[in-house]
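Trainee: Could you look at this predicted model? Sequence included:
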Amino acid sequence: MEKYLNKILAGDCIEIMRSIPDASVDAIFADSPYNLQLGEKTLYRPEDQTAARAVRDTWDSFTSPAEYDEFTRNWMRECKRILKPDGAMWVIGSYHNIFRVGSILQDLGFWILNDIVWVKTNPMPNFRGTRFTNAHETLIWATPQKTGKYTFNYETMKKLNGGKQMRSDWDINICLGEERIKDKNGKSLHNTQKPMDLLRRVILSSTKPGDVILDPFVGSGTTAAVARELGRQFIGIDRETSYVDAARKRVADIVPIDLSDIEVSNPKRTEIRVAFRELIDAGLLYAGQTLVSPRGERVMITRDGLLTHSLYGTASIHVMAAKLQHSVSFNGWDYWAAEKRDGSLVAIDELRKYVRNIKQNMKQAA
């Protein structure tokens, strides 16, 4: 396996993947041919009548949908073999191919976790004015088996999204400007180069530092470049030598970044659970004590470890916080502070951390 790691390999992806060991890859990002079949007619921009560059490369040409399906099935079958049981499988496509790709993905036993809509904030316009402007592409995130314990870095995604749950619609620019890899004539090397921000989100959401990420259609090397930047290992494959050369040079110039301000290394869901009642049992809180919200709302702790309010009755710390916020749900640990006998306040989440540390030390000593 070592001979493949952190390399851009030239050749047919199916043939090369056949030599990669079973269950040896943590994640795959596949930006396979879309089978656009645009024909020979040239599209012109209406404002200046310059030709719009379209995808007419030989690697995107198939004689029929059946041929495209067979090609997709063959490379995807190899992906399933080399992917670890808990690995991440990502495929991206447009309306031309994503439905066929998704069907084959399910036929081969992959379990779909999400479909992500990449909303292009600066899409190419529809020059003829005969259809809606095609302003999105679809990513499918899947795992090789339904029971797989796949990686999902929820807290990291939440942090990147300003403290809110990351949604399945991602607003990201298409690849333009200096990020575009150019050929020797100064023109875009690859027609469908994906933006690094898109791959950053894919990799940060579903892999861990040191994981091996394979891209069987690496093209200009975006997946490999972002993997190196984010402290992951990579394997890139492409049969076009111009792409391979450019990708190798691109990756060699990448400097890994400090991830301490980006990734959440200890997700909350992996922390030892502490019930509110445990704070009372530990003597940190007591029945009859007052809890105060950020808005000054006051409730009292009952003997059962619940909260009571003059208008909203009795409920848990979470339900009571939600009622006062007129919300469906709310995290009570972030909402309440306990009023001490001297009138000062202490956040109940700080008390929870104290109990959690004790439980963690006891677990390590056992």
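Mentor: All right, it came through fine.

Trainee: Could you tell me how far Ala247 is located from Ile92?
Mentor: Separation of Ala247 from Ile92 (Cβ to Cβ, to the nearest Å): 17 Å. Yep, even glycine has a C-beta here, placed from its N, CA and C like the rest.

Trainee: These two: which is more packed in?
Mentor: Neighbours were counted for Ala247 and for Ile92 using other Cβ atoms under 10 Å; Ala247 has more, 27 against 24.

Trainee: residues near the residue nearest to the more buried one when sequence neighbours are not counted, how many?
Mentor: Among residues not flanking Ala247 along the chain, Gly221 sits closest, at 2.8 Å (Cβ to Cβ, 6 or more residues apart in numbering). If you count neighbours by other Cβ under 10 Å, Gly221 ends up with 30.

Trainee: Name all residues that make contact with Gly221.
Mentor: Contacts here follow Cβ atoms under 8 Å, 6 or more residues apart in numbering; on that basis Gly221 touches 8, 181, 236, 243, 246-248, 250-251.

Trainee: which residues does Trp111 contact?
Mentor: With Cβ under 8 Å, 6+ apart, Trp111 has these contacts: 142-146, 148.

Trainee: In terms of helices and strands, where is Gly283?
Mentor: Per DSSP states H and E, Gly283 falls between elements, in no helix or strand.

Trainee: What of Leu279?
Mentor: Using DSSP H and E, Leu279 sits in helix 276-281.

Trainee: Can you list the buried residues in that helix?
Mentor: 276, 278-280 (16 or more other Cβ atoms under 10 Å).

Trainee: before we move on, what about stretch 237-251?
Mentor: Residues 237-238, 240, 243-244, 246-248, 250-251 are the ones in stretch 237-251 that count as buried (16+ other Cβ under 10 Å).

Trainee: if we take those residues, which one ends up nearest to Leu176?
Mentor: The nearest member of the buried residues of stretch 237-251 to Leu176, counting by Cβ to Cβ, is Arg250 at 16.4 Å.

Trainee: Where does the residue lying closest to Asn331 once chain neighbours are set aside sit: helix, strand or coil?
Mentor: Closest residue to Asn331 apart from its sequence neighbours, by Cβ to Cβ, 6+ apart: His318 at 6.6 Å. Assigned with DSSP: H, G, I helix; E, B strand; the rest coil, His318 falls in the helix class.

Trainee: quick one, what contacts His318?
Mentor: The contact partners of His318, taken as Cβ under 8 Å, 6+ apart, are 329-332.

Trainee: Among those residues, which lie within helices?
Mentor: Using DSSP state H, no member of the contacts of His318 falls in helices.

Trainee: Which of the residues you listed sits closest to Gly288?
Mentor: Gly332 (18.5 Å).

Trainee: Quick one: residues contacting that closest one.
Mentor: Going by Cβ under 8 Å, 6+ apart, Gly332 touches 276, 316-321, 348.

Trainee: ok, 6 Å please
Mentor: 317-318, 321 (Cβ atoms under 6 Å, 6 or more residues apart in numbering).

Trainee: which stretches of this structure form strands?
Mentor: Along the chain, counting by DSSP state E, strands occupy 7-10, 25-30, 83-93, 111-120, 136-143, 169-172, 212-215, 233-238, 290-292, 298-301, 307-309, 313-315, 337-339, 345-347.

Trainee: export those to a markdown table and tack on distance to Ile262 and mean pLDDT?
Mentor: Converted to a markdown table, those look like this (distance: least, Cβ to Cβ, whole Å; pLDDT from 0 to 100):
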| stretch | distance to Ile262 | mean pLDDT |
| --- | --- | --- |
| strand 7-10 | 25 | 96 |
| strand 25-30 | 17 | 98 |
| strand 83-93 | 18 | 96 |
| strand 111-120 | 19 | 96 |
| strand 136-143 | 20 | 97 |
| strand 169-172 | 16 | 94 |
| strand 212-215 | 17 | 98 |
| strand 233-238 | 18 | 97 |
| strand 290-292 | 34 | 96 |
| strand 298-301 | 37 | 96 |
| strand 307-309 | 36 | 96 |
| strand 313-315 | 37 | 94 |
| strand 337-339 | 30 | 95 |
| strand 345-347 | 26 | 95 |
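
Trainee: coming back round to it: could you dump the contacts of His318 into CSV and include distance to Thr308 and pLDDT?
Mentor: Shown next, in CSV, are the contacts of His318 (distance: Cβ to Cβ, whole Å; pLDDT from 0 to 100):
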residue, distance to Thr308, pLDDT
Ser329, 20, 71
Phe330, 17, 80
Asn331, 20, 85
Gly332, 14, 90
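
Trainee: who wins for neighbours among those residues?
Mentor: Result: Gly332 is most packed of those (other Cβ under 10 Å), 21 neighbours.

Trainee: How about it, nearest residue that isn't a chain neighbour?
Mentor: Nearest non-adjacent residue to Gly332, counting by Cβ to Cβ, 6+ apart: Ile317, 3.2 Å away.
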